[in-house]
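Colleague: below is the sequence, then the predicted model.
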Amino acid sequence: MKAAVVYDSYYGNTKAVAEAIAQELGAEGHESELRSVRERYPASPTGDILFLGSPVRMGSVTSRVKRYVKRLGEGGWKGKQIIAFTTILALPENPTDEQKNSRERYDLGAGRKLRDLAREQGLSAVEDHLWAEVVGMKGPLAEGAIEKTRQFVRDVLLAVDHEE
C-alpha cells in the first residue's frame, strides 16, 4: 500500500507528527510520500490512503489545509480513505471544566470539521482522527505524542487490512 502524508505546520509540531506517520508506515512495510501544503509540487500525491494534518489555530485547521481538501477530488482521491490529524494545545495538569469544554468544542472539533469538510467534497474520510498535544503555543510535542501517533497509524492499518 502507498500512502500520502500531507500537512501544514507553523512551528514544526505538525510536521513532526507527519514525519512520525510516514516513518511508522515505512516500519510497517508501506510506502509513503510526505508533503507540505506550503510547497508547490508538479502533481498531486498519489496513493491508496491519505493522512492530512494541520495545527489547530483559533479553533480551526489552517486555511491552506481547507483549500487543499477542496482540491482533493480533482487529484484522484475520491473513494480512497482520508485520515485527519491535528496538533492541539495540551491541557494543564488540573484543567477546569471550562478548559475541558473548550478543548472538546474547539480543539477536537477542528479535527472533526476537517473530516466533515473532506466528506462534503465527496471524499471518504474515516470517522476517527488523530490529535497530538503540544505543550505551550509553539511546542514541543507533549510526552507520548509520537508513540500515540505511531499506535494510531498501526490501528488505521489494521482497520484497512480488515476491510480488504
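Modeller: Cool, got the structure. Residues are numbered from 1 along each chain as shown.
Colleague: any buried residues in the biggest helix by length in the chain, and which?
Modeller: The longest helix of the chain (DSSP state H) is helix 145-163. Neighbour counts over helix 145-163 (16 or more other CB atoms under 10 Å) mark 145-146, 148-150, 152-153, 156-157, 160 as buried. For every residue, glycine as well, the C-beta is placed using N, CA and C.
Colleague: so what secondary structure elements neighbour it?
Modeller: helix 13-27, strand 49-55, strand 81-89, strand 130-134 (3 or more CB pairs under 8 Å, 6 or more residues apart in numbering; DSSP states H and E).
Colleague: where does the protein dip in pLDDT?
Modeller: Scanning the chain for pLDDT under 70 picks out the ranges 164.
Colleague: quick check on residue 65: phi, psi?
Modeller: phi -70, psi -40 (degrees, to the nearest 10).
Colleague: which phi and psi values does residue 66 adopt?
Modeller: Per degrees, to the nearest 10, the backbone of residue 66 is at phi -60, psi -40.
Colleague: renumber starting at 655 from here on
Modeller: Renumbered: residue one is now 655, and that last one reads residue 720.
Colleague: tell me the contacts of it?
Modeller: Contacts for residue 720 (CB atoms under 8 Å, 6 or more residues apart in numbering) come out as 768, 771.
Colleague: same check on residue 811?
Modeller: Applying CB under 8 Å, 6+ apart, we find residue 811 in contact with 679, 682, 684.
Colleague: considering those residues, which possesses the most neighbours?
Modeller: Highest neighbour count within the contacts of residue 811, by other CB atoms under 10 Å: residue 679, with 26 neighbours.
Colleague: does it touch residue 657 like I think?
Modeller: Yes: under the criterion of CB atoms under 8 Å, residue 679 makes contact with residue 657 at 5.2 Å.
Colleague: overlap of the contact sets of these two?
Modeller: Here residue 679 and residue 657 have 685-686 as joint contacts, going by CB under 8 Å, 6+ apart.
Colleague: any idea which element residue 765 lies in?
Modeller: helix 762-774 (DSSP states H and E).
Colleague: quick one on the thing from earlier: ok now the longest helix of the chain, how far from the chain's centre?
Modeller: 12 Å (CA atoms, centre = their mean, to the nearest Å).
Colleague: report the buried residues of stretch 757-769.
Modeller: Residues of stretch 757-769 classed as buried: 757, 760-765, 767-769 (neighbour count, 16+ other CB under 10 Å).
Colleague: put together a markdown table for the residues you listed, with distance to residue 779 on each row.
Modeller: Formatted as a markdown table, the buried residues of stretch 757-769 follow (distance: CB to CB, whole Å):
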| residue | distance to residue 779 |
| --- | --- |
| 757 | 21 |
| 760 | 19 |
| 761 | 18 |
| 762 | 15 |
| 763 | 15 |
| 764 | 14 |
| 765 | 10 |
| 767 | 11 |
| 768 | 8 |
| 769 | 4 |
